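[1] Sharing a model prediction with you, sequence too.
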Amino acid sequence: MSDRLSVFKTYKLYVGGKFPRSESGRVYEVTDSKGNWLANAPQSSRKDARDAVVAARKAFGAWSGATAYNRGQVLYRVAEMLEGRREQFTREVADAEGLSKSKAAAVVDATIDRWVWYAGWTDKIAQVIGGANPVAGPFFNLSSPEPTGVVAVVAPQESSFLGLVSVVAPVIATGNTAVVIASERSPLPALSLGEVLATSDVPGGVVNVLSGRTAELAAPLAAHQDVNAIDLAGADEALAKELEIAAADNLKRVLRPQPVDESGWFATPGTDRMTAFLETKTVWHPTGSLGASGSSY
Amino acid sequence: MNKEKPASAFAYAPAPESRSVVDIAPSYGLFIDGEFTEAADGKVFKTVSPSTEEVLSEVAQAGEADVDRAVRAARKAFEKWSALPGSERAKYLFRIARIIQERSRELAVLETLDNGKPIRETRDADLPLVAAHFFYYAGWADKLGHAGFGANPRPLGVAGQVIPWNFPLLMLAWKIAPALATGNTVVLKPAETTPLSALFFADICRQAGLPKGVVNILPGYGDAGAALVAHPDVNKVAFTGSTAVGKEIARTVAGTRKKLTLELGGKGANIVFDDAPIDQAVEGIVNGIFFNQGQVCCAGSRLLVQESVHDELLDSLKRRLSTLRLGDPLDKNTDIGAINSAEQLARITALAERGEAEGAERWSPACELPESGYWFAPTLFTGVTQAHTIARDEIFGPVLSVLTFRTPDEAVAKANNTQYGLSAGIWTEKGSRILAVANKLRAGVVWSNTFNKFDPTSPFGGYKESGFGREGGRHGLEAYLDV
């Protein structure tokens, strides 16, 4: 068999449903756990981060307005697409995290299953955390959760795929849109996930994936006036504090880094990552009596 | 007060509530570890009645050392309090609720004296809600495993709570009832202009036999609040107040494990469609902006009227405003009481002048203001655009800005065109429109065909820069649990 020269892949960002290079024209070297070169990943700039916020905001109306059933279908479709690319992601995760083939395959399986798990949540979360309130008066009154808006996600550094999906899926399952900063050292599975999302009926702009220097990208997102929330999962202690201070400027919802137990990201998640980015809206209406004027139904 | 009353108007004789039911001591201490005590540095301040400027009492002023002492007392009390069976904590809260009901007339008069709001409101709104909050959360104390936060949700520890002057006792209830029900202990700082009802609450804790240190009350100024928020041994911070201070607090707790909830400012849109029942809408508008002299974070301070009914609605509204009675808050016929402080009056005055300077048209009913005290006549601005300061900044006073719209989409766009997202109102007879518009409004509370309704079972809190977290209902428990 003759030696065939393989075709390298140029990894690109995923923003607004398109695959741009960084507007800065910069790249950085991504290596495997042994230091072997894997690819030149885009090193996104502040401008890329701002463009991603614009794309996420633009996508928010339609995505948050879609039926929960529809969002569930779309999320499940992501799992279907991933299943078909299992081999590719197993290789990428093995390279990225220095795992054996079988361990990497277990990570990929768990990641696919996580999409399925969250796909099933889209049309249930409102029933679990919302509902009618027994008001002491002639009123009908209902509390329902609503997505908070554009969420900036600093993805976990150590778990480039399972960790990434574990923080992105809950954000979009509830109708938010996301700007995600991939693991700085191991961004390739995240960039490949962009290709899957693009072919999975996820509308462009709902998830935007940036690679580059975490601190450089997170700072403008934390300070951005059109970002509603930030997930600090992948920020170290010093950076997390700095970002939380910046986030106070427009009172972003902040999810601080959570301790990850020995099972890593394998444990079945609770609802916390969904509720962290939901608002509760309470709507009141009189029943019968219309108050001081004394008129009735 | 009202010079241009209709000819047939009946004159009202004064109907003052007796203030003999409340016995205000000439001085009060801080309440720490179950005892009233002086401030470490001996500082005191005076609290006055806003309607007369009469000095009501002299109150110890908490400083950093007092905050530290109170937090230590709360920490010490936490161990036993959190270990109590929920059913026992519940009984303490039920006791408190009952004592509040027993003493509600005393507390209503006290609150009216110290805050300046009409007795009609303290008696009929504040106090019943205060008692209801303690009753509601009392029932949760032994059912936390059923609240949807896991089987055995744990309290956080010491809660540092800073509350405003607009609903002194009600905000105390919103903060303390869920904190105690979930097993936390509390250090609460009431506002410097309204410390008295919180100190009376300390006495209620004593009557209820609440263990020492579970509730600590520190009257004081912003520096005491800042020290409390920054204290390293506080596990939970809850604040109700201005957005600017809320942001400062968010920066202070950044990088810590302190859990934070903020209830901040608002600029509520009250939207009236052309098919709305006009008389009911007028009542709702009045209640939305003139309740508690408009010193309400969820006040409906921006009236959005569909153009086709603008003139009719404004005529009705002006007629109704001409019947409002402004004056002695202890008079049971009074609708509009005093502004809480000289400082707040100055802020309202400056913003209203800005409204005129920017070209909006100002109107108030004929209205005589008392000579002493802090007063501001109910005020309407018409011809307001979205760019006007009075349409953007929270005034926190009895000032209503009127804007117009033509289509529901325009109403929604204008309503959402604000940094805030606390409350909104919708007036229309069309059910599908209520639901569609409510869906699109970015606000934590939406009142349809009603306004300013509160209930302990109902989550309350804002979107955007109106803060985060919810108070009230099952949702209100989350802020005090390690979940």
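    Cool, got the structure. Keep in mind that this is a model prediction, so the values were computed, not measured.
[2] Identify the residue of the stretch 101-250 of chain A closest to chain B, quick one.
    Closest to chain B within the stretch 101-250 of chain A is residue A:241: 2.9 Å, counting by CB to the nearest CB. For glycine as for every other residue, the C-beta is placed from the backbone atoms N, C-alpha and C.
[3] Check which helices and strands the host helix or strand of that residue sits against.
    When elements are assigned from DSSP states H and E, residue A:241 belongs to helix A:237-247. When contacts are defined as 3 or more CB pairs under 8 Å, 6 or more residues apart in numbering or on different chains; DSSP states H and E, helix A:237-247 sits against helix A:214-223, strand A:253-255, helix B:243-253.
[4] Which residues does that helix contact?
    A:154, A:214-215, A:218-219, A:222-223, A:230, A:232, A:235, A:254, A:256-257, B:250-251, B:254-255 (CB atoms under 8 Å, 6 or more residues apart in numbering or on different chains).
[5] Give me the neighbour count for the residue lying closest to residue A:229 once chain neighbours are set aside.
    Residue nearest to residue A:229 in three dimensions, not counting chain neighbours: residue A:253, with 3.8 Å by CB to CB, 6 or more residues apart in numbering or on different chains. Applying other CB atoms under 10 Å in any protein chain shown, we find 20 residues neighbouring residue A:253.
[6] contacting residues around the closest residue to residue A:214 other than its chain neighbours?
    Nearest non-adjacent residue to residue A:214, counting by CB to CB, 6+ apart: residue A:184, 4.7 Å away. Contact analysis of residue A:184 by CB under 8 Å, 6+ apart lists A:157, A:211-214.
[7] Now the buried members of the residues you listed.
    A:157, A:211-212, A:214 (16 or more other CB atoms under 10 Å in any protein chain shown).
[8] In helices, which of these appear?
    Of the buried ones among the contacts of residue A:184, the ones assigned to helices by DSSP state H are residue A:214.
[9] Residue B:177 is in contact with residue B:90, isn't it?
    No - counting by CB atoms under 8 Å, residue B:90 is not a contact partner of residue B:177; they are 11.2 Å apart.
[10] The two - which one has more neighbours?
    For residue B:177 versus residue B:90, the count of surrounding residues by other CB under 10 Å is larger for residue B:177: 28 against 20.
[11] what helix or strand does the residue nearest the centre of chain A sit in?
    In chain A, the C-alpha closest to the average C-alpha coordinate belongs to residue A:168, at a distance of 2.2 Å (CA atoms, centre = their mean). Per DSSP H and E: residue A:168 is located in helix A:162-173.
[12] and that helix, is it in reach of chain B?
    No - residues of helix A:162-173 are not located near chain B by CB under 8 Å from any CB of the partner chain, the shortest gap being 15.5 Å.
[13] From the chain's centroid, how far away is that helix?
    The chain centroid and the centroid of helix A:162-173 are separated by 5 Å, computed with CA atoms, centre = their mean, to the nearest Å.
[14] Just checking: what are the partner strands of whichever helix or strand comes after that helix?
    On the C-terminal side of helix A:162-173, the closest following helix or strand by DSSP H and E is strand A:177-181. Strand A:177-181 has the following strand partners under DSSP bridges: strand A:150-154 (parallel), strand A:207-210 (parallel).
[15] Including distance to residue B:13, mean pLDDT and mean neighbour count, could the ones you listed go into TSV?
    Putting the strands paired with strand A:177-181 into TSV (distance: least, CB to CB, whole Å; pLDDT from 0 to 100; neighbours: other CB atoms under 10 Å in any protein chain shown) gives the following:
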stretch	distance to residue B:13	mean pLDDT	mean neighbour count
strand A:150-154	59	98	30
strand A:207-210	69	98	30
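[16] mind checking which of these is nearest residue A:133?
    strand A:150-154 (27.2 Å; CB to CB).
[17] from the middle of its chain, how far away would that closest one be?
    7 Å.
[18] next one: phi and psi at residue 174?
    Since no chain was named, I'll use chain A. Dihedral pair for residue A:174: phi -90, psi 0, per degrees, to the nearest 10.
[19] Count the residues that sit near it.
    Residues near residue A:174, counting by other CB under 10 Å: 27.
[20] do the same with the one 3 residues further on
    Summarising burial for residue A:177: neighbours were counted as other CB under 10 Å, giving 28.
[21] got the contact list for it?
    A:56-57, A:59-60, A:63-64, A:149-151, A:205-208.
[22] one more time with 7 Å, if that's ok
    A:56, A:59-60, A:63, A:150, A:205-206 (CB atoms under 7 Å, 6 or more residues apart in numbering or on different chains).
[23] circling back: A strand includes the residue nearest to residue A:214, no?
    No - assigned with DSSP: H, G, I helix; E, B strand; the rest coil, residue A:184 falls outside any strand and is coil.
[24] Ramachandran coordinates for it?
    phi -60, psi -40.
[25] Please give me every residue in contact with residue B:32.
    By CB under 7 Å, 6+ apart, the contact set of residue B:32 is B:66, B:69-70, B:73, B:216.
[26] Take those and lay them out in JSON lines including distance to residue A:263, pLDDT and neighbour count.
    Output for these, formatted as JSON lines (distance: CB to CB, whole Å; pLDDT from 0 to 100; neighbours: other CB atoms under 10 Å in any protein chain shown):
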{"residue": "B:66", "distance to residue A:263": "46", "pLDDT": "98", "neighbour count": "28"}
{"residue": "B:69", "distance to residue A:263": "43", "pLDDT": "98", "neighbour count": "20"}
{"residue": "B:70", "distance to residue A:263": "41", "pLDDT": "98", "neighbour count": "31"}
{"residue": "B:73", "distance to residue A:263": "40", "pLDDT": "98", "neighbour count": "23"}
{"residue": "B:216", "distance to residue A:263": "41", "pLDDT": "98", "neighbour count": "31"}
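[27] Between those residues, which sits nearest chain A?
    residue B:70 (25.7 Å).
[28] coming back round to it: from residue A:186, how far off is the residue nearest to the centre of chain A?
    To residue A:186, residue A:168 is 15 Å away according to CB to CB, to the nearest Å.
[29] Next, count neighbours for the residue in the stretch 101-250 of chain B that chain A sits nearest to.
    The minimum distance from the stretch 101-250 of chain B to chain A, using CB to the nearest CB, falls at residue B:250 (3.6 Å). Neighbourhood size, residue B:250 [other CB under 10 Å]: 24.
[30] Would you enumerate the residues in contact with the closest residue to it other than its chain neighbours?
    For residue B:250, ignoring the flanking residues on the chain, the nearest one in space by CB to CB, 6+ apart is residue A:248 at 3.6 Å. Counting by CB under 7 Å, 6+ apart, residue A:248 touches B:247, B:250-251, B:254.
[31] By neighbours, which of those residues wins?
    residue B:250 (24 neighbours).
[32] these two touch, right, that one and residue A:252?
    No - proximity of residue B:250 to residue A:252 does not meet the contact threshold set by CB atoms under 7 Å, at 8.8 Å.
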